[in-house]
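J.: Here's my sequence, what's the structure:
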Amino acid sequence: QVQLVEAGGGLVQAGGSLRLSCAASGSIFSINGMEWDRQAPGKQRELVAGITSTGSTKYADSVKGRFTISRDNAKNTMYLQMNSLEPDDTAVYYCHAAVLVTERHEYSYWGQGTQVAVSS
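T.: All right, here's what the predicted structure looks like:
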């Protein structure tokens, strides 16, 4: 079994910053791609940012220049530094990882989500 646990959400004023973390634990051989998604009330879940095992990154246009995704492979942990937060960033943020539980078997796992609320 593999667990992903997010932390770092909260309430912040517009223009503020938050840092999310996602720690993976359990039967992990290695972790391939990881990403942060978010879902705002009444909206579909959307990709925020992704990072490969070698550190290549991608971002949604709406967060480019404000958010930075990173990971520490030794700790099986991913981060999302969120700066210049806007009310439209309010959502539940989910961690997603493609985890190799053996050399040949990869499974997709999700965290439970962490709430980010940005007040105007």
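J.: Can you pull up the most central residue in the chain?
T.: Centroid check for the chain by C-alpha atoms, centre = their mean gives Trp36 as the closest residue, at 2.9 Å.
J.: ok, now how distant is the closest residue to that residue other than its chain neighbours from Ser62?
T.: Distances taken as C-beta to C-beta, 6 or more residues apart in numbering place Val48 nearest to Trp36, at 4.4 Å, with adjacent residues excluded. Using the backbone N, CA and C atoms, a C-beta is placed for each residue, glycine as well. Val48 is 8 Å from Ser62, where distance means C-beta to C-beta, to the nearest Å.
J.: who's more crowded, these two?
T.: Val48 (23 against 12; other C-beta atoms under 10 Å).
J.: Is it correct that that one is in contact with Thr57?
T.: No - in this structure, Val48 is not within contact of Thr57 by C-beta atoms under 8 Å, at 11.2 Å.
J.: Find residues that contact each of these two.
T.: Residues touching both Val48 and Thr57 by C-beta atoms under 8 Å, 6 or more residues apart in numbering: none at all.
J.: so what's the residue nearest to Trp36 up against?
T.: Contacts of Val48 by C-beta under 8 Å, 6+ apart are 35-38, 59-60, 63, 67, 80, 93.
J.: switch the cut-off to 6 Å
T.: Contact analysis of Val48 by C-beta atoms under 6 Å, 6 or more residues apart in numbering lists 36, 38, 60, 63.
J.: Now the buried members of those.
T.: When the contacts of Val48 are checked for burial by 16 or more other C-beta atoms under 10 Å, the buried set is 36, 38, 63.
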